[in-house]
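Student: Provided below for reference: sequence and predicted model.
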Amino acid sequence: MIWGGILDRTKTELILWDKDNWGSITAKCYVDNVLIPVLQPFWMRESERAGQPLWLMEDGPSAHRAVYTRQAREEYEIPKFDWPPSSPDLNPMENVWYILKDMLNKRPVRPEGREAMAEAIREEWQKISEVHLLTFIDSMPQQIEAVLAASGGHTRW
């Protein structure tokens with residue numbers, strides 16, 4: 001599992017789930033290894049920069065939806081945007097994951113082994129530019145129009 005976040009031109013630290021040390025992805029492990037050490041400081045810094053609390057957009061894994069996670073977000077006063085669970089067309093992060101996979105596939109030599117793959121993922125994450133991020137975010141109005149035109153169905157996005 002890989003976790004990362006974006007806001008306009010900014011990316012969070014990329015987290016590669018450390019199953020050997022953290023175990024399976026539970027709400028507690030998510031809160032302890034992602035939400036508190038990475039997401040909350042990023043959210044706080046960017047909210048201060050924006051002059052208002054920003055809204056968090058997460059997808060639907062159980063660790064994100066769990067009561068424990070919700071309580072942690074409430075404790076840190078991180079508002080979460082509720083959106084339909086089957087709407088990747090409306091989440092610019094899905095585009096970031098797509099380009100990251102594409103960048104990994106275009107590497108001249110496929111990394112072998114867990115550590116080599118982890119390093120390759122981190123390297124490619126760093127290469128995702130502000131231009132990429134802004135392109136994904138700026139395309140959201142067109143994506144929303146496409147979803148509305150398709151009555152909530154599949155779009156080219």
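Tutor: In hand now; what should we look at?

Student: helix or strand right after the helix or strand where Lys101 lies?
Tutor: In this assignment (DSSP states H and E), Lys101 forms part of helix 92-105. Toward the C-terminal end, the helix or strand that comes next after helix 92-105 (DSSP H and E) is helix 114-127.

Student: CA atoms only for the helix or strand that that following helix is followed by, dumped as PDB, please.
Tutor: The helix or strand immediately downstream of helix 114-127 is helix 130-138, counting by DSSP H and E. Extracted in PDB, the C-alpha atoms of helix 130-138 (Å, rounded to 0.1, in the frame of the first residue of the first chain):
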ATOM      1  CA  GLU A 130       3.800  21.000 -10.000                       C
ATOM      2  CA  VAL A 131       2.700  21.200 -13.600                       C
ATOM      3  CA  HIS A 132       1.300  17.600 -13.400                       C
ATOM      4  CA  LEU A 133      -0.500  18.400 -10.100                       C
ATOM      5  CA  LEU A 134      -2.000  21.600 -11.400                       C
ATOM      6  CA  THR A 135      -3.100  19.900 -14.700                       C
ATOM      7  CA  PHE A 136      -5.000  17.300 -12.700                       C
ATOM      8  CA  ILE A 137      -6.600  19.800 -10.400                       C
ATOM      9  CA  ASP A 138      -7.400  22.300 -13.200                       C
END
